[in-house]
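K.L.:
Kindly return the folded structure for what I paste below:
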Amino acid sequence: MEPKSFDLVVIGGGPAGSSGAVAASLFGKSVALVERETRVGGAGLNTGTIPSKALRESALILSGWRARKLLGVDVALRQESTVPELAYHADHVRDTLRSQVSSRLAERGVEVFHGNASFVDAQTVRVLDQQGRETWLKGKVILVATGSSPVRPPEFPFEHPRVHDSDEILEITTLPKKLAVVGAGVIGAEYACTFAALGVEVHVVDGRAVLLPFLDHEISAAIEKGMRQERVQFHWNELVVRCAVTDQGEIILGLSSGGELRITDVLVAFGRSSKTAELNLPAAGLTPGKRGLIQVNAVYQSKVPNIYAAGDVIGPPALAATSMEQARVAILHAFGLLKKENPSLLPTGIYTIPEASMVGETEQALKQAGIDYLIGRASYSQNPRGCLIGDEHGFLKLIFRRDDLRLLGVHAVGEQATELIHIGLMAMIAEGDAEMFSRACFNYPTLGDLYKYATYDVMVQRELGLSLGPQPIRPS
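P.N.:
Numbers count the residues shown, from 1 in each chain. From the prediction side, this is the model:
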């Protein structure tokens, strides 16, 4: 079969794939995008990032969570509320964004093919559509962005209507009475917070002893403290070894300690596996790693020079924002357009309750590397905007190198933390130091002003050996 030729063939229409396709088209490259589903957007738009965050916002509004924090008003959620009612906002936002992505691809001249993709060789991709018709595509460059799917451990009977993976959880029709979340990673922690805000009794089970250990330890501790205040119950150092359903419909989880947990629903958030099994990677000269991951270098190039990969398919951090940036860097490098090959600064946004975000180094990483540092903290409770929005517990943590006060890491927890982090991100890109924040004038009242006061904290420490900031939160 004679293949259709393109400068770039993208496999996968999620955040990474669509971002890479648009980036190449902006530089005049001919682009084909292959998406196995009938709609573009991937997990980011259809089952993951956007729907889960929209449900979180609905939960915060409908449960009166923000009103309780701000006004001390107890707003009770209607107990008969159903998930489809709560997901109305998610459906609307998802449909809008999906339409925008499709329109953007069409406007840029990206040719979209729907079907299953597999490699014929390192430059040729075979697409088989639902009617069994074949199309062959030849690309000078190929970007693999097929995303991931939830891992389904065999001990869980996923055929049962109340045993869910993270792609299915939004399809439930009634709120659980008692939900166990197995796995305290980002997905598990976010859903645990959302359902707790809705008044569901939530139990989190994890084989580790620390929540989200990749975060700075103070941020992780603050999230866990906030979750406990919302009555989330943690079962640390526990593995689920058995999952049984009784005749009465109750679900019993057998734990590695010998105990049992009886619940009405279970969400298994045990990690995700790359969708590479059907790609026939050996035909392209590639061998997938653990959980189907494709190994890449700092510019997201595989060992086959013309094949790049981005997003969940290459592993952590596996976030929508980082996936899009990885794809952009990959495309610029592939076509000789990347001006700097320095690794991108990739922020992390965690939509738990409270919200958290980080960029750069954690305190524990700097200790391990033997780098001397100073920490400046500023509390939402002592910031006018923080008081206005009713956040008493949020804080900003800045980590500076001691000798020249160069900013090395930024960590925030509290309302709008994922927005607040971007000031620090831009400062780090500009190789900023404490003087940058000392000179900056922030609007009043804003959370941005936290940067100035966290910087003052460091300056006082350096000159006087005293700290003005809040005391650090230690893991429980």
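K.L.:
Could you use CA atoms for every contact and neighbour count after this?
P.N.:
OK.
K.L.:
which residue is nearest the middle of the protein?
P.N.:
L319 (3.7 Å; CA atoms, centre = their mean).
K.L.:
so what's that residue up against?
P.N.:
By CA atoms under 8 Å, 6 or more residues apart in numbering, the residues touching L319 are G311, D312, T348.
K.L.:
Out of those, list just those in strands.
P.N.:
T348 (DSSP state E).
K.L.:
Output the helix ranked longest in the chain as CSV - backbone C-alpha positions only.
P.N.:
If you go by DSSP state H, the chain has its longest helix at helix 88-107. What follows is helix 88-107, C-alpha atoms only, in CSV (Å, rounded to 0.1, in the frame of the first residue of the first chain):
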residue,chain,number,x,y,z
TYR,A,88,-23.2,18.6,34.6
HIS,A,89,-20.5,21.2,34.7
ALA,A,90,-17.9,18.6,33.8
ASP,A,91,-19.9,17.6,30.7
HIS,A,92,-20.3,21.2,29.6
VAL,A,93,-16.6,22.1,30.0
ARG,A,94,-15.5,18.8,28.4
ASP,A,95,-17.7,19.3,25.3
THR,A,96,-16.5,22.9,24.9
LEU,A,97,-12.8,22.1,25.2
ARG,A,98,-13.1,19.1,22.9
SER,A,99,-14.7,21.2,20.3
GLN,A,100,-12.0,23.8,20.7
VAL,A,101,-9.2,21.2,20.2
SER,A,102,-10.9,19.8,17.1
SER,A,103,-11.3,23.3,15.6
ARG,A,104,-7.7,24.2,16.4
LEU,A,105,-6.4,21.1,14.6
ALA,A,106,-8.6,21.8,11.6
GLU,A,107,-7.6,25.4,11.4
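K.L.:
Which strands or helices does that helix pack on?
P.N.:
Here helix 88-107 touches helix 15-26, helix 42-46, helix 49-62, going by 3 or more CA pairs under 8 Å, 6 or more residues apart in numbering; DSSP states H and E.
K.L.:
which one of those is the most hemmed in?
P.N.:
helix 15-26 (a mean of 25; mean count of other CA atoms under 10 Å).
K.L.:
quick one: which helix or strand includes G139?
P.N.:
Assigned by DSSP states H and E, G139 falls within strand 134-144.
K.L.:
Just the buried positions in that strand, please.
P.N.:
For strand 134-144, the buried set under the neighbour-count rule, 16 or more other CA atoms under 10 Å, comprises T135, W136, L137, K138, G139, K140, V141, I142, L143, V144.
K.L.:
repeat for stretch 372-381
P.N.:
Within stretch 372-381, the residues that qualify as buried are Y373, L374, I375, G376, R377, A378, S379, Y380, S381, counting by 16+ other CA under 10 Å.
K.L.:
secondary structure class for the second one?
P.N.:
For L374, the reduced secondary structure class is strand; criterion used: DSSP: H, G, I helix; E, B strand; the rest coil.
K.L.:
buried sites along the helix or strand following the longest helix of the chain?
P.N.:
The helix or strand immediately downstream of helix 88-107 is strand 111-114, counting by DSSP H and E. Neighbour-count burial for strand 111-114 flags V112, F113, H114 (criterion: 16+ other CA under 10 Å).
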